[in-house]
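Chemist: I would like the atomic coordinates for the input below:
(one chain, ligands or ions: 1)
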Amino acid sequence: MENLIFPPEFLWGVSTSAFQIEGAPREGGRGLSVWDEFGAVHAGAATDHYHRYAEDVALMAELGVGAYRMSFAWPRIQPEGTGRPNQDGLDFYDRLLDEVCAAGIMPVATAYHWDTPLAIEDAGGWLARDTAFRFAEYAAILGEHFADRVRMWIPLNEPMVTTVYGYAIGEYAPGKALLLDALPTAHHQNLAHGLAVQELRAAGAASVGTANHHSPIWPASDSEADRAAADWLDALLNGLFADPGLTGRYPPELLPYLPANCAGDLPVIAQPLDFYGVNYYEPQCAAAPGEGGPLPFELRPIEGFPRTTNDSPIVPDGLRELLVQFHERYDLPPVYLTENGCSFDGVHDPERIDFLARHLSALRAAMDAGVDVRGYFVWSLLDNFEWSKGYAPRFGLVHVDYETQRRTPKDSFAWYRKLVSHD
Ligand SMILES: O=C(O)[C@H](O)[C@@H](O)[C@H](O)[C@H](O)CO
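Modeler: Purely as a prediction, here's the structure:
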């Protein structure tokens, strides 16, 4: 730990999301979301955070973090995705945010972490331009009620994952496999982001940024064809969500797949940001597609690295590579690692401690290379519902027994507490 030296004002946090921890899907007037009945495994009670939030905030206070990144559940605030807010939903988040503030922890809020109200999805979801405007109305409600306590706002969590996993390959809700015909959902999310930034700022938001999922893209070989495939994947996974907000332009190779009138929305999308949030987990590798391949690239497995129980390759230096690349590519506002973490079993989790330590060293190296990084959030405080993988992958610093809902801090919890306390 001796080499993990960070400035005294560096912001240490943990992240979660509403659908993955709250549970109580039918309590307090909450409406159904696109994830409630999607897939083989349903979240159900999750970690029952809806009832146990005070216990979880006490764990964060014990951990000594300065910030907590949570998300609001759109279907808890607007059960049908439109219209007047649901008072019970507002009251729950009032209780939660008051508890967080009373513990001296700074609330960082994501307005949307994939739990689209079912009524909105039935009306087209992110394939429909209108959803961006519904989302802006929802963001205005959040700003009106919570801008007095939330210090950092993130309109959308990882729009890339929603587009690619939700609409292009169908692994996540809503389960559509449209391949490149899914790309209008990226534009509508980018538009929703821009409109929400305007609404949140109008409501007095202290600061607004992103939580985008980014990866360095490695070509499978040095061949021209593989490098071209990697460039295309880089545009799809990174440029499609970073470029419009940071440069006011889309990667040109993607324009044929985006709505014809998308350029008209770019001024709204390119709202100046107070911070740029990055979620980093692993690099990606691309090769030229085989004969008649449906896409201008093929994914290749990343080999030769240790792996998590969620089968993700552990590549800490990929984080330094990504941040330095973005630093050279964009005029970045201050950067926060809004998510980084890994899945390993057990309360005794030396692999997680090693993972976090090596990613923090890579983060330190990126800072030494000139990247203005101001904070780091571990994914996640608690073991929780890992989307279509259900409850098997465990990402928490705190173990959760899903039978009893008993919380047990892991060895990594003690390790992170020591780190953030500068001891
Ligand atoms: O990055 C994501 O995919 C999401 O933001 C989280 O909801 C995941 O649970 C986490 O990343 C682990 O995969």
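Chemist: so what's the residue nearest the centre of the chain up against?
Modeler: The centroid of the chain falls nearest to Asn157 when counting by C-alpha atoms, centre = their mean (3.9 Å). Asn157 makes contact with Ser17, Ser71, Thr110, Tyr112, His113, Trp114, Ala211, Asn279, according to C-beta atoms under 8 Å, 6 or more residues apart in numbering. Every C-beta, even on glycine, is put in place using the N, C-alpha and C of the backbone.
Chemist: quick one: strands adjacent to the strand or helix carrying the third one?
Modeler: In this structure, Thr110 is located in strand 106-112 according to DSSP states H and E. In its sheet, strand 106-112 lies beside strand 67-71 (parallel), strand 152-156 (parallel), with partners assigned from DSSP bridges.
Chemist: May I see the ones you listed organised as JSON lines, with distance to Val371 and mean neighbour count added?
Modeler: Output for the strands paired with strand 106-112, formatted as JSON lines (distance: least, C-beta to C-beta, whole Å; neighbours: other C-beta atoms under 10 Å):
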{"stretch": "strand 67-71", "distance to Val371": "19", "mean neighbour count": "25"}
{"stretch": "strand 152-156", "distance to Val371": "18", "mean neighbour count": "27"}
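Chemist: closest one to the ligand among those strands?
Modeler: Closest to the ligand of these is strand 67-71 (C-beta to the nearest ligand atom; 9.0 Å).
Chemist: same question for the closest one, mean pLDDT?
Modeler: Summarised as a single mean, pLDDT over strand 67-71 is 98.
Chemist: That strand near the ligand at all?
Modeler: No: on the criterion C-beta under 6 Å from any ligand atom, strand 67-71 is out of touch with the ligand, staying 9.0 Å away.
Chemist: other SSEs contacting the next helix or strand after that strand?
Modeler: Following strand 67-71 in sequence order, the next helix or strand is helix 74-77 (DSSP H and E). Where contact means 3 or more C-beta pairs under 8 Å, 6 or more residues apart in numbering; DSSP states H and E, helix 74-77 is packed against helix 87-102, helix 130-146.
Chemist: Packing partners of the first one?
Modeler: Which is helix 87-102. Judged by 3+ C-beta pairs under 8 Å, 6+ apart, the packing partners of helix 87-102 are helix 49-63, strand 67-71, helix 74-77, strand 106-112, helix 130-146.
Chemist: give me that answer again for 10 Å
Modeler: Judged by 3 or more C-beta pairs under 10 Å, 6 or more residues apart in numbering; DSSP states H and E, helix 87-102 is in contact with helix 18-21, helix 49-63, strand 67-71, helix 74-77, strand 106-112, helix 130-146.
Chemist: quick one: low-confidence parts of this protein?
Modeler: 1-3, 422-423 (pLDDT under 70).
Chemist: and this protein, which residues reach the ligand?
Modeler: Ser17, Gln20, Asn157, Glu158, Val161, His213, Asn279, Glu339, Trp379, Glu386, Phe395.
Chemist: Take these and keep only those in strands.
Modeler: Those of those mapping onto strands are His213, Asn279, Glu339, Trp379, per DSSP state E.
Chemist: now for the helices and strands packed on helix 87-102, which one comes closest to Ala205?
Modeler: Taking C-beta to C-beta, helix 130-146 is the member of these nearest to Ala205, at 5.9 Å.
Chemist: Give me the angle between the closest one and strand 106-112.
Modeler: Angle of helix 130-146 versus strand 106-112, following axes from the mean of the first three to the mean of the last three C-alpha atoms, to 10 degrees, is 160 degrees.
Chemist: Alright, I will stop here.
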